[in-house]
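Trainee: Need coordinates for the below:
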Amino acid sequence: MKITNYNNVPDIMIEALTRDEHEMGDSHYSVTQLLRNPRQLQLSRRHKDEVTRDAVDMWNSFIGTCVHGGIYQSVKGNPDYLLEKRVEHTIGSVTIGGTPDAYQYSTKTLFDHKTMQVSAYGLEVKDGYEEQMNIYAYILETQGLQVDKIFLNVIYLDWRLAAAKFAEAGKYPPAPVVLIPIKKWSKDVVETYIEGRVALHQAGELLEDDELPDCSAEDCWESPQKLAVYRKGYSGEPTGVRALKLCDNYREVTDWVAWKKMSMKDLVVVDRPRTRRKCEMYCDSAPFCNQYKKWKLEQEVARNVEVV
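Mentor: Numbers count the residues shown, from 1 in each chain. Take a look at the predicted model:
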């Protein structure tokens with residue numbers, strides 16, 4: 001991977017941000033890789049030496065690593081916990097592996113630490129979390145550790161005591177750390193899921209780049225085109241100002257303005273084009289992906305047609 005530093009981040013932070021201590025061991029797939037779309041995984045593997053990433057793109061990952069490291073250092077002396085222990089399991093001829101965050105012997109509980117913003121409150125269990133945790137639980141049980149309960153240990157990085165005290169009930173996390181239970185799957189369900197994912201990825205290994213199965217709109221974090229309504233004075237810059245309303249068309253905008261007894265002269269309507277946020281901001285495979293290139297061309301053509 002090639003690392004850029006367009007924002008003049010100090011050298012000491014470049015060293016910290018770009019350090020990667022993840023280990024694959026003898027695994028064919030890590031648990032997180034198993035959950036990825038075959039297109040994204042294969043492209044990232046095949047083009048890993050061509051990937052370019054800026055140092056600041058690694059900031060969120062770095063913060064999460066710091067939090068994990070802090071928990072590990074604080075708890076590692078407690079014999080009731082198994083911490084950051086790499087585990088592997090072979091199904092057929094394929095070995096999968098990963099590193100569960102924490103397992104508590106006395107309660108037979110598996111924990112996974114997730115750092116988030118307060119804005120995620122109520123939406124913490126994202127796609128893939130339940131699958132990831134159940135695969136970890138399954139591997140632990142194959143090694144003799146019974147797992148009765150699974151929890152996400154959610155850590156809100158921007159939590160504020162004053163905000164929690166004065167927030168409406170249910171609108172703000174009551175504490176900076178909240179445990180969220182995850183449904184535990186049966187052994188048969190996990191094995192069937194793993195076998196299905198392995199078969200999918202093995203099939204992808206035999207295909208050329210342009211033949212790989214497409215990522216779904218959900219995989220790409222696609223958001224539809226919207227009209228965003230702001231108060232007059234909004235510049236269109238990403239200042240963090242939230243839209244008053246998101247509408248599908250201009251008729252919906254005018255109906256909403258009339259219902260709110262507002263005036264269009266006091267408002268600004270901004271066109272938010274359709275986006276694929278994961279592809280644009282977080283996917284290292286995007287520069288090599290014919291699906292994404294085709295999608296971008298289709299959006300450009302659609303915008304030009306609308307202008308004409």
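Trainee: Show me the helices in the stretch 51-200 of the chain, by range?
Mentor: For the stretch 51-200 of the chain, helices defined by DSSP state H, counting those that start in this stretch occupy the ranges 59-75, 129-142, 161-166, 187-205.
Trainee: Point out the most buried one among these.
Mentor: Highest mean neighbour count among the helices of the stretch 51-200 of the chain (mean count of other C-beta atoms under 10 Å): helix 129-142, with a mean of 20. Every residue, glycine included, has its C-beta placed from N, CA and C.
Trainee: Show me what that one is packed against.
Mentor: Packing partners of helix 129-142 (3 or more C-beta pairs under 8 Å, 6 or more residues apart in numbering; DSSP states H and E): helix 31-35, strand 87-91, strand 94-98, strand 109-116, strand 149-156, helix 187-205.
Trainee: For that helix, C-alpha coordinates in PDB please.
Mentor: The C-alpha atoms that make up helix 129-142 are tabulated as PDB, following Å, rounded to 0.1, in the frame of the first residue of the first chain:
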ATOM      1  CA  TYR A 129     -22.000  -7.500  13.400                       C
ATOM      2  CA  GLU A 130     -24.300 -10.300  14.400                       C
ATOM      3  CA  GLU A 131     -22.600 -12.600  11.800                       C
ATOM      4  CA  GLN A 132     -19.100 -11.700  12.900                       C
ATOM      5  CA  MET A 133     -19.800 -12.300  16.600                       C
ATOM      6  CA  ASN A 134     -21.500 -15.600  16.000                       C
ATOM      7  CA  ILE A 135     -18.600 -16.900  13.900                       C
ATOM      8  CA  TYR A 136     -16.200 -15.900  16.800                       C
ATOM      9  CA  ALA A 137     -18.500 -17.600  19.300                       C
ATOM     10  CA  TYR A 138     -18.500 -20.700  17.100                       C
ATOM     11  CA  ILE A 139     -14.700 -20.900  16.800                       C
ATOM     12  CA  LEU A 140     -14.300 -20.400  20.500                       C
ATOM     13  CA  GLU A 141     -16.800 -23.300  21.200                       C
ATOM     14  CA  THR A 142     -14.800 -25.600  18.800                       C
END
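Trainee: Touching that helix from outside, list them.
Mentor: With C-beta atoms under 8 Å, 6 or more residues apart in numbering as the test, helix 129-142 has contacts from 31-32, 34-35, 87-89, 96-98, 100, 103, 110, 112, 114, 147, 150, 152, 182-185, 187, 189-191, 193-194.
Trainee: Lovely, talk soon.
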